[in-house]
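Engineer: sequence-free structure coming up:
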């Protein structure tokens, strides 16, 4: 008897092989940017082995396997494939065989710590979309002492930024001074921690991420990668 071809949903295929979330895949499909064997795909389409899938005319090559890596980003590097100004990208530190992996949870050039890298679009979506409430932990050093009133404002009430209120959970790390803090948050807006303190007149001297969801930096050295098992 002939075997039945394996059939799968188009958006799942794109999530696995085009570094997209299923939601992003559906957006491409809805715009008419995806074709199956030359025909424009529709939402809910199914495909089988041997079908030619293209996005905006570019063929999608199946990934051999899904990869999940933890990377210790040093200060001075940007989380981008393209160099921005004089700053090097994290890919100048990452072995070439992993250059197809995309960063999950970016850090700015002046920050360090845990970055996740993957070619699994669904995993990236689940780690970064606000509705999933992934906890992130940072070690933060301020240039000046944080006033108790400002600590209360940030931790209990939040401060208002141009893109909405920002509330952080603060834990003091030293009995001798009020400059070093452990910050816990579930949001991930651009430079949110720096902007939150900056709105009250404080400068963040150091920002280092130790944890992202179920994953911790552990003993990974700056500039090094470590394969992780997803939870």
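Structural biologist: Arrived safely. Being a predicted model, the structure only gives us computed values, none of them experimental.

Engineer: Quick check: residue 52 touching residue 37?
Structural biologist: Yes - contact criterion C-beta atoms under 8 Å: residue 52 and residue 37 qualify, at 5.3 Å. Every residue, glycine included, has its C-beta placed from N, CA and C.

Engineer: what bridges to residue 53?
Structural biologist: Beta-bridge pairing for residue 53 (DSSP bridges): residue 36.

Engineer: mind listing what it touches?
Structural biologist: Neighbouring residues of residue 53 by C-beta atoms under 8 Å, 6 or more residues apart in numbering: 10, 13, 14, 17, 34, 35, 36, 47, 59, 60.

Engineer: Only the buried subset of those, as a PyMOL command please.
Structural biologist: Buried residues within the contacts of residue 53, by 16 or more other C-beta atoms under 10 Å, are selected in PyMOL with:
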select buried, resi 10+13+14+17+34+35+36+47+60
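
Engineer: pLDDT-wise, what's the bottom of the contacts of residue 53?
Structural biologist: Scanning the contacts of residue 53 for pLDDT, the smallest score is found at residue 17, 81.

Engineer: Who are the contact partners of that one?
Structural biologist: Applying C-beta under 8 Å, 6+ apart, the residues contacting residue 17 are 53, 60, 61, 62, 63.

Engineer: quick check, nearest of the contacts of residue 53 to residue 161?
Structural biologist: Nearest to residue 161 among the contacts of residue 53, counting by C-beta to C-beta, is residue 14 at 34.3 Å.

Engineer: so how far is residue 229 from that closest one?
Structural biologist: 24 Å (C-beta to C-beta, to the nearest Å).

Engineer: thought residue 136 was touching residue 188?
Structural biologist: Yes - the criterion here is C-beta under 8 Å, and residue 136 meets it with residue 188 at 6.7 Å.

Engineer: list residues touching both of the two?
Structural biologist: In contact with both residue 136 and residue 188: residue 105, using C-beta under 8 Å, 6+ apart.

Engineer: Same drill for the two, tell me which one is more crowded.
Structural biologist: residue 136 (20 against 15; other C-beta atoms under 10 Å).

Engineer: which residues pair with that one across the strands?
Structural biologist: Under the criterion used (DSSP bridges), residue 136 bridges to residue 185, residue 212.

Engineer: Mind pulling up the pLDDT for it?
Structural biologist: 96.

Engineer: Kindly report the same for residue 3.
Structural biologist: pLDDT, read off for residue 3, is 44.

Engineer: do the one 5 residues further on as well
Structural biologist: At residue 8 the predicted local confidence, pLDDT, stands at 82.

Engineer: and it, which of the three is it?
Structural biologist: strand (DSSP: H, G, I helix; E, B strand; the rest coil).

Engineer: Setting the sequence-adjacent residues aside, check what's closest to it.
Structural biologist: Take residue 8 and drop its neighbours on the chain: the residue closest to it by C-beta to C-beta, 6 or more residues apart in numbering is residue 47, 6.3 Å away.

Engineer: For the helix or strand harbouring the one you found, which strands pair with it and how are they oriented?
Structural biologist: Per DSSP states H and E: residue 47 is located in strand 46-48. Strand 46-48 has these partner strands in its sheet, going by DSSP bridges: strand 7-9 (antiparallel).
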